[in-house]
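J.: Return a 3D structure for these sequence lines:
(one chain, ligands or ions: 1)
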Amino acid sequence: MSTVPDKVDLIVAPTPLHRLPSLSQELGIDLWIKRDDLTGFALGGNKGRKLEFLIADAIKQGADVVVGMGASQSNFLRQLAGACAKYGLKSAAAVMGLPYYAAAGRPKIGYEPDSTGGNILIDELFGMDVRLYPDGDWDQLEEYAEALAAEYEDKGMKVYQIPIGGSSVLGAYSFYLAAQEVMQQSPEPFDVIVTASSSGSTHSGLAYAFHGSPTKVIGISADPDPDDVLQHDVHELTVGLGELLENPKNIQFDDLDLRMDYFGDGYSIPSKEGDQAILKVARSEGILLDPTYSGKAFAGLLDMVTKGEVKGRVLFWHTGGAVTLFATPKELLLQKNG
Ligand SMILES: Cc1ncc(COP(=O)(O)O)c(C=O)c1O
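T.: Got it, this is the predicted structure:
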């Protein structure tokens, strides 16, 4: 690599890697967990790793304000708001309770997304200028974010527009480094790593790092993915990462294993299987997953174990997100399932 990307300090790493004894016994596999829910900054999660490089980039570019976008329960925006607070940057974001793909339309959720508690409460606590818009599609949300950026530019401030979910090559690079962290923690390789995937840089960083090794990386999509948009993004990020590291690996589109079977009725809509997975992990290991990403990813893992597709020494990459539990109706999680 010609130049090593600049980095600021946000997270406590290495995050713990440990075995899940009860679930290993129940499922008949050797199941481990990577605790990126415990990254130790702004209530944890996978985005802290990406933000160490993205915030350094914003500072390098002389930004005064970082402008983002996402769902009102975005874990990324929560960690972004905290990171900006720490480094003296203003943060702002355009959000919707439930953004959706135009082609699919607004899915039925059965309750109104909480746009006051959970993550959005913490965003505001960290001082983020949160602009909540009525639900619409992702393209509309992007337009609102552009307008918000223009508003700050008009005030004479230098704006850094951060990619959704922190997914740029720098974001993927942080997960390439996270993979090295796991290789050091566990000299014995895993057969399979399962992670939630949504904006793609967690999956792509891990897929790049383990490509050509005995470890298979499986991403579980949290979103319906019309036209394979996410798979394309993940692929492009692996190519960009190869360029950054000056080590192209020639990873093909079809080499990437992204499963589209577990998002249920749509992004941010809790699924029955995901909610059951949350209860299973909580009640057998005392670990909290979330209804949008990690619960659905764990439901995918359980299904693939049942089908015999995933076996041996398995690592579940816990990407965090449990703050959303505080914005999820109790009836949904407990009365229906528990
Ligand atoms: C808890 C959680 N897990 C997984 C993801 C997906 O990670 P990525 O955006 O890198 O695909 C996100 C964010 O989108 C998240 O907040």
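J.: How about the residues of the protein by the ligand?
T.: Contact residues (Cβ under 6 Å from any ligand atom) of the chain with the ligand: 45-46, 75-76, 165, 167, 196-203, 290, 293-294, 319-321. Placement of C-beta: from N, CA and C, glycine included.
J.: The same query, at a cut-off of 5 Å, please.
T.: Residues of the chain found near the ligand (Cβ under 5 Å from any ligand atom) are 75, 165, 196-202, 293, 319-321.
J.: what's downstream of the helix or strand hosting Leu241, the next helix or strand?
T.: Secondary structure from DSSP states H and E places Leu241 in helix 229-244. Next in sequence after helix 229-244, counting helices and strands by DSSP H and E, comes strand 257-259.
J.: Neighbouring strands - and their directions - for that next one?
T.: Here strand 257-259 is paired, per DSSP bridges, with strand 216-221 (parallel).
J.: what are the ranges of the helices in the stretch 201-338 of the chain?
T.: Counting by DSSP state H, counting those that start in this stretch, the stretch 201-338 of the chain has helices at residues 201-210, 229-244, 272-285, 294-306, 330.
J.: out of those helices, which comes closest to Leu38?
T.: Leu38 lies closest to helix 294-306 among the helices of the stretch 201-338 of the chain, at 12.7 Å (Cβ to Cβ).
J.: Just the residues of the chain next to the ligand: which are in strands?
T.: In this view, the residues of the chain next to the ligand that belong to strands under DSSP state E are 196-197.
J.: and which of the residues of the chain next to the ligand is nearest Glu181?
T.: For the residues of the chain next to the ligand, the nearest to Glu181 is Thr202 (13.3 Å; Cβ to Cβ).
J.: Tell me which residues touch that closest one, please.
T.: 46, 171, 175, 195-196, 219, 317, 319 (Cβ atoms under 8 Å, 6 or more residues apart in numbering).
J.: Please work out how many residues are found near Thr116.
T.: Applying other Cβ atoms under 10 Å, we find 10 other residues in the vicinity of Thr116.
J.: and the gap between it and Val12?
T.: 29 Å (Cβ to Cβ, to the nearest Å).
J.: if we can go back for a sec, highest average neighbour count across the helices of the stretch 201-338 of the chain?
T.: Using mean count of other Cβ atoms under 10 Å, the stretch among the helices of the stretch 201-338 of the chain with the largest mean neighbour count is helix 201-210, at a mean of 29.
J.: Could you pull up the mean pLDDT of that one?
T.: Averaging pLDDT along helix 201-210 yields 98.
J.: Likewise for stretch 187-194?
T.: Mean per-residue pLDDT for stretch 187-194: 97.
J.: which SS class is the closest residue to Arg49 other than its chain neighbours?
T.: With sequence-adjacent residues excluded and distances taken as Cβ to Cβ, 6 or more residues apart in numbering, Arg49 is closest to Ser174, at 4.0 Å. Secondary structure of Ser174, reduced to three states by DSSP: H, G, I helix; E, B strand; the rest coil: helix.
J.: for Glu52, same thing?
T.: Note that with three-state DSSP, the state of Glu52 is helix.
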